[in-house]
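Enquirer: Turn this into a model:
(one chain, ligands or ions: 3)
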Amino acid sequence: MKICVLPGDGIGPEITAEAVRVLNALDLKFEMETALLGGGAVDATGNPYPEATQKLARAADAVLLGAVGGPQWDSLPREQRPERGLLGIRKDLNLFANLRPAILYPELANASTLKPEVVAGLDILIVRELTGDIYFGQPRGVREENGERVGFNTMVYSESEIRRIGHVAFQAAQKRNRKLCSVDKMNVLECTQLWRDVMIEVSKDYPDVELSHMLVDNAAMQLVKAPKQFDVMVTGNMFGDILSDEASMLTGSIGMLPSASLDDKNKGLYEPSHGSAPDIAGKGVANPLATILSAAMMLRYTFGLEEQAVRVENAVKTVLAQGYRTGDIYERGTNKVGTKEMGDAVLAALA
Ligand SMILES: NC(=O)C1=CN([C@@H]2O[C@H](COP(=O)(O)OP(=O)(O)OC[C@H]3O[C@@H](n4cnc5c(N)ncnc54)[C@H](O)[C@@H]3O)[C@@H](O)[C@H]2O)C=CC1
Ligand SMILES: CC(C)CC(=O)C(=O)O
Ligand SMILES: [Mg+2]
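Expert: Ligands and ions are numbered 1, 2, ... in the order given. You can find the predicted model right below:
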């Protein structure tokens, strides 16, 4: 069981350290090797996804990633930016299916900015296509036209790309409450009309799943108005990126939202849904739970260790019930702790 660990930038090293401690505490004999991705990789090699990292990531069964990026790299040429390294590894490993579960732990009902009754019992799964769409489409760039700069990107999806993420989403819905909402912008964008048409075609293979459609602007509104109407949502790369950050606040904090990015053989990259949080990096205050919960997803999806995955998830529930809170989920009367103390509490709850 080989794991490639990519701590990345900002809070990345702090939060991955805690997830690694949790994995090691399970006594499962993982082989772990660490490599560079993102800004640190650019500084060391000039490449945000260096060859040595590619080799290690390709040879591993799973990748554990912190986050990449930071203001110090924002003015680099685009191909050298840390985020290109992240897009690069997702494409290189063919990780087209990004699963982002938004679950509200009952203890955090008051940590959400929404009223407790709106979010109580929330359990939704966002299935985001991860290797297509406007994040990868060509042509892209900024050119001179009629004496001014014109910026352009291309939203593009092939039928086969939509079909394969559709199957992942329908199959996920079959294991849950059998409701799938496909989110698009078909009233304006041809690309997403195709998305909707193909989702309807794929639905014929899943008569037991109720398929609905929603335009993305309405979906953004419905997620804060009545999020519990959703079971599984499936959408493209950019809409899924935005909606999953929105959904994270239903769970109390973006520091709670894990993710799994899978290929078609259960190889996966596991990372929190948030970024490198430069504003709190190096302070030891970041919430490591999204990364620890991402490690639990690794146990489940790549290694088929359901019991161990539940063990880690239960440990997270225990520490929340015990009142441990990092700053992002803190409320009066709870026990405010830093990143490492939260990791210690999870380890103690595992024992
Ligand atoms: N997967 C990745 O590696 C991603 C990388 N990024 C990169 O991260 C950098 C910062 O991006 P932002 O837009 O600021 O998004 P961000 O997700 O890093 O931070 C947004 C806000 O959430 C807070 N936050 C995030 N994670 C937290 C945690 N675990 N505990 C407590 N608070 C947390 C931050 O302090 C900040 O106030 C950029 O360079 C961006 O490109 C952004 C999103 C994903
Ligand atoms: C940094 C981007 C490439 C990706 C992102 O925001 C995400 O995957 O959530
Ligand atoms: Mg994002």
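
Enquirer: Residue 62 contacts residue 19, doesn't it?
Expert: No. With contact defined as CB atoms under 8 Å, residue 62 does not reach residue 19; the gap is 11.7 Å. The C-beta positions use only the backbone N, C-alpha and C, and glycine is treated the same way.

Enquirer: Compare neighbour counts for those two and give me the winner.
Expert: Neighbour count, other CB atoms under 10 Å: between residue 62 and residue 19, residue 19 has more, with 31 against 25.

Enquirer: Please enumerate residues in contact with stretch 142-162?
Expert: Contacts to stretch 142-162, defined as CB atoms under 8 Å, 6 or more residues apart in numbering, come from residues 96, 129, 131-134, 136-141, 189, 191-192, 194-195, 198-199, 202, 236, 238.

Enquirer: and the residue in the stretch 1-150 of the chain that ligand 2 sits nearest to, what is it in contact with?
Expert: Going by CB to the nearest ligand atom, ligand 2 is nearest to residue 83 of the stretch 1-150 of the chain, at 4.3 Å. Counting by CB under 8 Å, 6+ apart, residue 83 touches 38, 48, 68-69.

Enquirer: mind redoing it with 7 Å?
Expert: Listed by CB atoms under 7 Å, 6 or more residues apart in numbering, the contact set of residue 83 reads 68-69.

Enquirer: did I read that right, it in a helix?
Expert: Yes. Assignment of residue 83 by DSSP: H, G, I helix; E, B strand; the rest coil places it within a helix.

Enquirer: change the start of the numbering to 31 and stick with it
Expert: Got it, first residue is 31 now, which makes that one residue 113.

Enquirer: Any quick PyMOL command for the buried ones out of the contacts of stretch 172-192?
Expert: To isolate the buried members of those in PyMOL, using 16 or more other CB atoms under 10 Å:
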select buried, resi 126+159+161+162+163+164+166+167+219+221+222+224+225+228+229+232+266+268
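
Enquirer: Give me the subset of the contacts of stretch 172-192 that lies in strands.
Expert: Mapping those onto strands (DSSP state E) picks out 159, 171.

Enquirer: Distance check, the residue in the stretch 181-330 of the chain that ligand 1 sits nearest to against residue 101.
Expert: Closest to ligand 1 within the stretch 181-330 of the chain is residue 305: 2.4 Å, counting by CB to the nearest ligand atom. Distance, residue 305 to residue 101, using CB to CB, to the nearest Å: 12 Å.

Enquirer: between those two, who's got more neighbours?
Expert: A direct count of neighbours by other CB under 10 Å for residue 305 and residue 101 places residue 305 higher, at 21 against 11.

Enquirer: What does the more buried one show for phi and psi?
Expert: Main-chain torsions, residue 305, degrees, to the nearest 10: phi -100, psi -160.

Enquirer: same thing with residue 178?
Expert: Backbone torsions of residue 178, given as degrees, to the nearest 10, read phi -140, psi 160.

Enquirer: ok, now residue 291?
Expert: Torsion angles, degrees, to the nearest 10, at residue 291: phi -120, psi 110.

Enquirer: isn't it right up against residue 128?
Expert: Yes. Here residue 291 reaches residue 128: they are 4.8 Å apart, a contact under CB atoms under 7 Å.

Enquirer: anything in contact with each of these two?
Expert: With contacts defined as CB under 7 Å, 6+ apart, the residues shared by residue 291 and residue 128 are residue 160.

Enquirer: who in the protein is up against ligand 1?
Expert: 41, 45, 97-100, 113, 116, 284-285, 301, 304-310, 316-317, 320, 358 (CB under 6 Å from any ligand atom).

Enquirer: Now intersect these with the helices, please.
Expert: Using DSSP state H, 45, 113, 116, 320 are the members of those that sit in helices.

Enquirer: Now intersect the residues of the chain next to ligand 1 with the strands, please.
Expert: Using DSSP E, the residues of the chain next to ligand 1 in strands are residue 97.

Enquirer: Which among the residues of the chain next to ligand 1 count as buried?
Expert: Applying 16+ other CB under 10 Å to the residues of the chain next to ligand 1 flags 41, 45, 97-100, 113, 116, 284-285, 301, 304-308, 310, 316-317, 320, 358 as buried.
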